[in-house]
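Asks: what shape does this take:
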Amino acid sequence: MSRARQPPLVTGISPKEGAAWTKVTIRGENLGTGPADLIGLSICGHNCMLTAEWMSASKIVCRVGPAKDDKGEIIVTTKSGGLGTSTVSFKLLKPERIGILDQSAVWVDEMNYYDMRTDRNKGISPLSLRPSNPLGIDIDKGKLPQKDLEQIFPGKSGDFTSENFSATWYLIENHAGSSFDQLRMGANNLKKQATKKNEGSLAYVKGGLSTFFEAQDALAAIHQKLESDGTEKVEGSMTQRLENILNSASDTADTLFQEVLGRKDKADSTRNALNVLQRFKFLFNLPLNIERNIQKGDYDVVINDYEKAKSLFGNTEVPVFKKVYAEVETRISALRDLLLEKLLQTPSTLHDQKRYIRYLSDLHAQGDPAWQCIDAQHKWILQLMQSCRDEFITGHRVAAGALDPEGDTRPPALGRLSHSAPVKRGGSLRSPRPSTCGFETPQKVQFVEKLSDVVIGQLPNFWKLWISYVNGSLFSETGEKSGQVEKSKKNARQRQSDFKKMIEELTSRLVNLIRGALLPATMPQVELSFYGGWENKSELTGAWLTQIIHTVRGCHEALSALEIPNDLLQVIQDLLLDLRVHCLMVTLMHTSEDVKRLAEKEDWVVDNEGITSLPSHFEQCMVQMLQSLKEPLEIKPGEINVLQLDQVQDQASELSAGIMKVFINCLDQLSTKTDGVFHSPHNISMELSSPDRFTYIQEDFRPTPEQRLLIILSNCQYLERHTFLNLADHFEKHSFTGTEKITRVSVDAVRELDRKLFEAYIERRADPIAGSLEPGIYAGYFDWRDCHTPTGVRNYLKEALVNVIAVHAEVFTVSKDLVPRVLSRIVESVAEEMCRLMQCVSSFSRNGALQARLELCALRDAVATYLNPDSNTSFKLALESLPQLHSGADKKLLEELLNKFKSSMQLQLTCFQPSSIQPVKR
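Replies: Residues are numbered from 1 along each chain as shown. Presented below is the predicted three-dimensional model:
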């Protein structure tokens, strides 16, 4: 069951006052669901249903009747809602009675009712009183064809205003599906309307009944006189006299009412003029209204008024209308120029552009405003991009790090990079970047970011404007009706190639401006004058180039999101490829420069493994380099792997290997570096008096040249065994190719340096020890052919062993892994020298041979841990050059003296014990 509707509510009436039969418009809520639902309407107590015309549930049009009350409410009654209420009232103006001789400004016409059958009405428009639905019930159009009705009712018509009106035809045509109750209700409605009409006519007759009687009596008396007098028209007859009297009465009446009738004609003309002004006040006020609405920016109102005036008066032949309409056209022409000027103004939003294009299309502007706007936007974006470059080139730019309009000094959000954490040992390789408060962004980076902001901010709207132009969404319903949408689509199809050239020019301009700033070598010389000019600006580091790559990628992604064809964005992909390669090469070259400065960070403090922080610094430097290259080498959709390019692969491998060589060269320079703070080296044997000298190295330690060699030798070993292998893994993780070549070149270079430094150290330490043997042997004019019976090992040999022990201590302090390698070479040199000296002796006495064998055996047994095949051979040859011991007493004495030597030198020889030292094979 449907819910009951709310009672009618009248909230407005226009006009709010007027004389009887004034046409009014009633507005409100719930005023009925249709003409049949409206069953009552009264204004000031007068029933107005006869003239009521239901328009909608919120609007009814009718005429006010001659009510008794001067002011009253408007009451609407409907079937669905019942009796309604009103929040407004209507004031009925009653005309004053005017006598026949009283002056009047206007002539009051009598009201003539509309006769539906004769279609005659002099005072009121038939359309205003003729009911559209005389039965007052819902119309249900039948499905019977019109031709069949004409055959069934020949010569008749279903139009109730026709003289041949057929009620049956009307009912079949309009109420074929109506129920009997509905038809009975319609009949009752017709009776009510007829009763009201008859009551009005009867009242008119009753009011003038005495006049009718008097006229009847006068006509009867005249008739009697005429019958008695005859009908001939003779002079002096009653007929003639009556004619003269009537003529005289007519002349007198004309004289009496001439002024009144003149005033009536004048009032008629005045009223007609006022009616014309009132009826066409829209046209006469339109020029001024257009001007006012233009000033207020109400262009929609202007366009609606213009369309209305054009439809009503566009083809008028009335001179006054043509004159006013010409003025309207002049104002509209000026509005077209104004809107076109606003459309082509820059900058402007996409919403405003669409709005102005729609206005111009509704005003039927000449040309193609949408394409004019697209062309203007294209030129403006190009100008913005070039102006951006000119600002930075000429220096008319706020200094980097200064506050922007929002007071933020940080780099733009697009492209902010997270910096690597400080290295664990020795701190960061480069000076730390300024803090956020003083962040200095290079001009080239600022330029690329601003240029990208221009493109991202303007090109999407430019593309969307074109899409709207293609699909015709720039135009309103008026444009659709007038065929402008189809015309726009046709124009768009014809200009697709032109727009493609615009996009290509914009992307090419973007790419060329960035290339001119960052990659001038990739551009023809003739274009550098237009896009270059950055020679005075500082070159960028890899980190800033990475930020630029991030910015350009963001720009490319923003344009790709607009579904711009990939072929139009390929130039940006090519630029990204060149930028990624450039960033890779610049990062590698800058890393090489950073590695050169690593020598300044050498503190010569060794750890438990015998290495300094320098290899760690180098490894962290390389790792940070690879991490900084992670984003440039990352492969985004549509990009290629730059490391798969043969030329790039070869250059990257060469530069990477070059970085390794630079670091090895840095170690070589450190090994030979001398400065004034170094103390002159004391005799090594004298330093044994301070054993603590080798237990630890203080923070202000200044190494001797020999200690430098040992420290760098230890670092070289660490590089070969650990650092280079770790770096090879890092290179592979970051998809670097040619890792084997880089590792091979690095290992070969570090081995060559190791060999060079090792020989230099051996030369510094072995030569003095070997050189001291001969003077020691022959000290005091000693002669192998004439010597006393041996009493022990002589001091020269003990001094040589002490010097070897000093070398052991020096090496062990730096790296115990170097001890076997160094001591083996030292012992080899000493053994070789002893062999040479023994072989140079021409002859030995018995005691001399015993003394020589004692010293050779003592030396051999003392350094037995560090004997190698060469040193063993030297000792063997030296012993073979001596006479053999034949007596048991000599052998016993030799053994006793050897045991005595070992007992007395036990503490010193402890360092040669092999308990914790294992030889290292090279």
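
Asks: Q707 contacts F812, doesn't it?
Replies: No: counting by C-beta atoms under 8 Å, F812 is not a contact partner of Q707; they are 12.0 Å apart. Where C-beta positions appear, they are placed from N, C-alpha and C, glycine not excepted.

Asks: can you give me the buried ones in the strand or helix carrying I393?
Replies: If you go by DSSP states H and E, I393 is part of helix 369-394. Judged by neighbour count (16 or more other C-beta atoms under 10 Å), helix 369-394 contains these buried residues: 369-378, 380-381, 384-385, 388-389, 391-393.

Asks: repeat for stretch 333-345
Replies: Neighbour count says stretch 333-345 has L335, R336, L339, L340, K342, L343, L344 buried, by 16+ other C-beta under 10 Å.

Asks: so for it, what's the average pLDDT?
Replies: In this model, stretch 333-345 has a mean pLDDT of 86.

Asks: what sits up against it?
Replies: Stretch 333-345 is contacted from outside by 290, 294, 299, 302, 348, 352-353, 356-357, 359-360, 363, 365-366, 369, 372-373, 376, using C-beta atoms under 8 Å, 6 or more residues apart in numbering.

Asks: list the contacts for the closest residue to F447 other than its chain neighbours?
Replies: Among residues not flanking F447 along the chain, F392 sits closest, at 4.6 Å (C-beta to C-beta, 6 or more residues apart in numbering). The neighbours of F392, taking C-beta under 8 Å, 6+ apart as the test, are Q443, K444, Q446, F447.

Asks: taking the buried residues of stretch 333-345 together, which two end up most distant?
Replies: L335 and L344 (15.1 Å; C-beta to C-beta).

Asks: for the helix ranked longest in the chain, enumerate the helices and strands it packs against.
Replies: Criterion DSSP state H: the longest helix present in the chain is helix 238-279. Contact partners of helix 238-279 among helices and strands, from 3 or more C-beta pairs under 8 Å, 6 or more residues apart in numbering; DSSP states H and E: helix 209-229.

Asks: what is the helix it packs on packed up against?
Replies: helix 238-279.

Asks: could I get the average pLDDT for the helix it packs on?
Replies: Rounded mean pLDDT across helix 238-279 is 79.

Asks: tell me the angle of it relative to helix 209-229?
Replies: Using axes from the mean of the first three to the mean of the last three C-alpha atoms, to 10 degrees, the direction of helix 238-279 lies 150 degrees away from that of helix 209-229.

Asks: helix, strand, or coil at T77?
Replies: Secondary structure, DSSP: H, G, I helix; E, B strand; the rest coil: T77 is strand.

Asks: and it, what does it touch?
Replies: P8, L38, I39, G40, L41, L83, G84.

Asks: tally of neighbours for the closest residue to it other than its chain neighbours?
Replies: The shortest distance from T77 to any non-neighbouring residue, by C-beta to C-beta, 6+ apart, is to G40 (3.1 Å). Close neighbours of G40, defined as other C-beta atoms under 10 Å, add up to 17.

Asks: swap in T51?
Replies: Other residues close to T51 by other C-beta under 10 Å number 21.

Asks: isn't it right up against I60?
Replies: No: using C-beta under 8 Å, T51 makes no contact with I60, being 10.4 Å away.

Asks: which residue of the protein sits farthest from its center?
Replies: Largest separation from the mean C-alpha position in the chain: S228, at 113.4 Å (C-alpha atoms, centre = their mean).

Asks: what residue ranges in the stretch 701-850 of the chain score low on pLDDT?
Replies: 701 (pLDDT under 70).

Asks: all strands for it, in order.
Replies: When assigned using DSSP state E, counting those that start in this stretch, the stretch 701-850 of the chain turns out to have no strands.

Asks: which residues in it form helices?
Replies: 705-718, 724-733, 739-771, 773-777, 795-814, 819-840, 846-862 (DSSP state H, counting those that start in this stretch).

Asks: output the lowest mean pLDDT helix or strand found in this protein.
Replies: Using mean pLDDT, DSSP states H and E, the weakest-scoring helix or strand in the chain turns out to be helix 126-129, at a mean of 42.

Asks: quick one: name whatever helix or strand follows that one.
Replies: helix 146-152.

Asks: still on that earlier bit, just the ones of the contacts of stretch 333-345 in strands?
Replies: Among these, none falls in strands (DSSP state E).

Asks: buried only: go through the residues you listed for me.
Replies: 290, 294, 299, 302, 348, 353, 356-357, 359-360, 363, 365, 369, 372-373, 376.
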